[in-house]
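Undergrad: Build me a model:
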Amino acid sequence: MRVFIVAFLIVLLTVTAALAEKKPITIVHANWSSSVASATLVKVVLQERLGRKCVLVETDAENMWKMVAEGKADVMLSAWLPDTQKKYYKEYGVKIDDLGPNLEGTKIGLVVPKITAGRFTAGTGIRNRPYIDTESIPELKKQADKYKHRIIGIDSGSGLMHKTKEAIRKYDLTDSFRLISGSEVSMVAELSHAIRHQRWVVVTCWRPHWVFARWNLHFLDDPENVFGKSGYISTMARKGLKDDEPDVYKVLDKFSWTPEEMGQLMLWIQEDEGLFPYEKALRWMRAHPEDVNSWLQ
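TA: Purely as a prediction, here's the structure:
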């Protein structure tokens, strides 16, 4: 009996030591609300339900792809395809395991507020018109003065910014508009300020995003289809992860949600100005047990 107990303790210590030495799963993401939401949710599921420690690494769009391709990160969940990050897929795709879409129904483009000046309806009951009446990208050229010749963008390395530069050339806006690079935070701040003071603004934006739940916004028509049709977001894992971490790989392979589900988590995170994403993702996980269980089966 004593021999059995000693043997059991040795095995237990060995297994414990092995688990303690396991490297955490590295999830790389961009500083976009959608990217933060998906990366944090997967971290919560892997840690709370699978017992695997994870670390999040924030970087820019291209470096997400590069880190996974070079094995410096285990996974990214923010591959916007087939158009937005096509350039990166061509460069790094063969060095990465493509696990397929985790969300379908994305859209990118140029967006303006569709908000009325003053009350939504006049005293006659007739709806007031939005204070911005631009419907399409080609119309921007004649209204450049009203927009102060600016298109408000995000980080310069994003696929959306590359597409916006292409749109500026395609629609002959080069002499009329400057593309202002910044971040998602600065873009939303400009949008919010303009709406509050009813000033004209055009921004680069994408859906799903919590701003569409907060304000009535309009994607400008894109007759040349520069920004592409509706797309999807895919999960990309490093080569070898399937053999090294089969249980983790299985969850990543099954992870998928809808734009509405992602929008809910993004809105919850935004309510606290992004200070408690882990707690919000934990709340989401507890509110959607069937989704989470399906990823773990």
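
Undergrad: quick one: buried residues of stretch 193-207?
TA: For stretch 193-207, a neighbour-count test (16 or more other C-beta atoms under 10 Å) marks 194-195, 200-207 as buried. Just so you know, the C-beta spots here come from the backbone N, C-alpha and C atoms, and that holds for glycine as well.

Undergrad: and it, average pLDDT?
TA: Stretch 193-207 shows a mean pLDDT of 95.

Undergrad: before we move on, back to that, please render the buried residues of stretch 193-207 as a markdown table that adds distance to residue 270 and secondary structure to the earlier fields.
TA: Below are these laid out as a markdown table (distance: C-beta to C-beta, whole Å; DSSP: H, G, I helix; E, B strand; the rest coil):
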| residue | distance to residue 270 | secondary structure |
| --- | --- | --- |
| 194 | 18 | helix |
| 195 | 16 | helix |
| 200 | 24 | coil |
| 201 | 19 | coil |
| 202 | 22 | coil |
| 203 | 16 | strand |
| 204 | 18 | strand |
| 205 | 14 | strand |
| 206 | 15 | strand |
| 207 | 15 | strand |
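
Undergrad: Looking at these, which is nearest residue 69?
TA: residue 206 (23.5 Å; C-beta to C-beta).

Undergrad: that older thread, from the buried residues of stretch 193-207, which single one is nearest residue 77?
TA: Among those, residue 206 lies closest to residue 77 (C-beta to C-beta), at 15.1 Å.

Undergrad: longest strand in the protein, by residue count?
TA: Using DSSP state E, we find that the single longest strand of the chain is strand 96-113.

Undergrad: what's the spacing between residue 38 and residue 262?
TA: With distances taken as C-beta to C-beta, to the nearest Å, residue 38 is found 7 Å from residue 262.

Undergrad: what touches both of the two?
TA: Taking C-beta atoms under 8 Å, 6 or more residues apart in numbering as the contact rule, residue 38 and residue 262 both touch residue 103.

Undergrad: which stretches of this structure form helices?
TA: All helices of the chain, identified by DSSP state H, fall at 2-21, 33-48, 61-69, 86-92, 159-170, 184-196, 211-214, 241-244, 246-254, 259-271, 277-287, 289-296.

Undergrad: returning to that earlier point: output the buried residues of stretch 193-207 in a markdown table; the columns should cover distance to residue 241.
TA: As requested, the buried residues of stretch 193-207 are arranged in a markdown table below (distance: C-beta to C-beta, whole Å):
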| residue | distance to residue 241 |
| --- | --- |
| 194 | 44 |
| 195 | 43 |
| 200 | 47 |
| 201 | 42 |
| 202 | 41 |
| 203 | 36 |
| 204 | 32 |
| 205 | 32 |
| 206 | 27 |
| 207 | 30 |
